[in-house]
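>>> task: produce atomic coordinates for the following.
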Amino acid sequence: MNIDRRQLILPAFAFGLLSVTGMSVGPALAASADEEAVAKNVEAFRAAQVAADAKAFDALCAPELSYSHSSGKVEDKATFIANSTDGKSKYLSLEYQDTTIRVVGPAAIVRFHWVAEQQATADGKKTATNLHILMNWQKQGADWKLLSRSATKL
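Predicted coordinates for the structure are as follows:
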């Protein structure tokens, strides 16, 4: 496909006009209600991790949960909740950075950069983690539930 200067002039002109008027060139779309609901649940999940809150995990996770750690260990819902709330360690910090959410029908794809520091209860040893996380959320009835999660070490 050949593009000549005449085909480039209109987009260049439009870009220049938008720049002069102070308008954004990118789409000014607000997040959908589903995206906002998923974002709220993602933050609630992060807070539940910090608090080791089994009740919150139970409400946020689908019964079919498949939770994969960066070590390769895979847990079902019951095992994940038990291990996340056993008190063997606590989060000193946990951030979900650069979060993206894409809703596709009754599913949502969530990706983020996980930066955390944990401390072991037994010996006080601190461990930093730097991961890329992929979460899949599914709309079940009116609620969004975490269906699967996978982590990759960075």
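
>>> which parts of the protein are helices?
Assigned by DSSP state H, the chain shows helices spanning 5-21, 33-51, 54-60, 77-84.

>>> and those helices, which one is worst for confidence?
Note on the helices of the chain: lowest mean pLDDT is at helix 5-21, with a mean of 44.

>>> quickly note the distance from residue 138 to residue 114.
Look at residue 138 and residue 114: by Cβ to Cβ, to the nearest Å, they are 21 Å apart. All C-beta atoms are positioned from the backbone trio N, CA, C, and that covers glycine.

>>> cool, and residue 66?
Per Cβ to Cβ, residue 66 is found 18 Å from residue 114.

>>> between those two, which one's more packed in?
Neighbour count, other Cβ atoms under 10 Å: between residue 66 and residue 114, residue 114 has more, with 19 against 16.

>>> I'd say residue 138 and residue 145 touch.
Yes - the pair residue 138 / residue 145 is scored as a contact, 5.7 Å apart, by Cβ atoms under 8 Å.

>>> could you name every residue contacting both of the two?
Counting by Cβ atoms under 8 Å, 6 or more residues apart in numbering, the residues touching both residue 138 and residue 145 are residue 62.

>>> between these two, who's got more neighbours?
A side-by-side neighbour count of residue 138 and residue 145, using other Cβ under 10 Å, places residue 145 first with 19 against 16.

>>> for that one, what are its contacts?
So residue 145 contacts 60-62, 137-139 (Cβ under 8 Å, 6+ apart).

>>> now with 10 Å, please.
The contact partners of residue 145, taken as Cβ atoms under 10 Å, 6 or more residues apart in numbering, are 41, 59-65, 77, 136-139.
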